[in-house]
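A.B. asks: from the sequence below, what's the structure:
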Amino acid sequence: MTFSLLKILRNLPPGSTYEESCSLLPEALSWLTKEQQRLDDMYARQESYAAGLLAAGCDEVGRGPLAGPLAAAAVILPARAWLPGLRDSKQLDEEVRELLVPWIQKVALAWHIVTISVEELLAVDNIRTSSLQAMQRSLDKLFPEPGFVLVDGNATIPTCTQPQRAVVKGDNLIPAIAAASILAKVHRDHIMLEAQQKWPQYNFAKNKGYGTSEHLAALRQYGPCPYHRLNFKGCQPAESSSAVQETLW
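C.D. replies: Numbers count the residues shown, from 1 in each chain. Take a look at the predicted model:
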């Protein structure tokens, strides 16, 4: 019998331990064993960085879109937490991400999600600065406080007072960062689904605010809405569309 991650998650209660998973799905023992080995490798890497300290992972979602907020999350996981499928959110199907959110929230020692509104992004006018601020805000809400911070990417957080390390592609290498990437991604996707109800002409449900050819065509036709980042190239109002947008803003 062939098992997929989606099938595994559909058939296990969120927060199940590895032992419980093997008991509930004995026919999937081979898959579960290989997955545990993969996760153990990720945890070993995280532990080598944190050196015995309680580690939090941080990641953000939404630096590149033309519309919508930026979201960031911070997560502290217990040692060797069993979270089948845990990896970079971009490598997971939407349903898998949705199923993993309650697992992460149930298993984690602490987690928090922060959003930076379009208005604040425009005021700061530096997406890198905003992303680092968002991760700091998510860290500030964690209890217990972490003793070490692992940040996805190549930049540490300037305002972070804990020892920290930036890890390139950390969302696919470090369990706590991967968990943060999933929480932030799903949270922001839900926000963009709500935006779809207000501004359906941009198809935010599909593009999540990113500059797809369809989205760019809609911008040329309708101009920007209040959810667009007007300091991003391609979002400036077109003269021909201003009359249309007056009824939408």
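A.B. asks: buried ones in whichever strand or helix holds S23?
C.D. replies: Using DSSP states H and E, S23 falls within helix 18-24. For helix 18-24, the buried set under the neighbour-count rule, 16 or more other C-beta atoms under 10 Å, comprises 18, 21. Any C-beta I mention is one placed from the backbone N, CA and C, and that applies to glycine too.
A.B. asks: hang on, A71 in a helix?
C.D. replies: No. Looking at A71 with DSSP: H, G, I helix; E, B strand; the rest coil, it is strand, so not inside a helix.
A.B. asks: thinking again about what came up before, just the mean pLDDT for the helix holding S23, thanks.
C.D. replies: Averaged over helix 18-24, pLDDT sits at 98.
A.B. asks: that helix - contacts with which helices or strands?
C.D. replies: Where contact means 3 or more C-beta pairs under 8 Å, 6 or more residues apart in numbering; DSSP states H and E, helix 18-24 is packed against helix 29-50.
A.B. asks: can you tell me how far the nearest residue to Y43 once chain neighbours are set aside is from A179?
C.D. replies: What sits nearest to Y43 in space, not counting adjacent residues and going by C-beta to C-beta, 6 or more residues apart in numbering, is R80, at 5.2 Å. Distance from R80 to A179, counting by C-beta to C-beta, to the nearest Å: 13 Å.
A.B. asks: quick one, which of those two is more surrounded?
C.D. replies: Using other C-beta atoms under 10 Å as the criterion, R80 and A179 rank with A179 on top: 31 against 16.
A.B. asks: once you drop chain neighbours, what's closest to the more buried one?
C.D. replies: Spatial nearest neighbour of A179, excluding adjacent residues (C-beta to C-beta, 6+ apart): V75 at 4.2 Å.
A.B. asks: just confirm the one you found is within a helix.
C.D. replies: No. Judged by three-state DSSP, V75 forms no part of a helix; its state is strand.
A.B. asks: how about the contacts made by it?
C.D. replies: Residues in contact with V75 (C-beta atoms under 8 Å, 6 or more residues apart in numbering) are 56-57, 104, 108, 110-111, 176-177, 179-180, 183.
A.B. asks: which helix or strand in this protein has the lowest average pLDDT?
C.D. replies: Here the helix or strand of the chain ranked lowest by mean pLDDT, DSSP states H and E is helix 242-246, holding a mean of 39.
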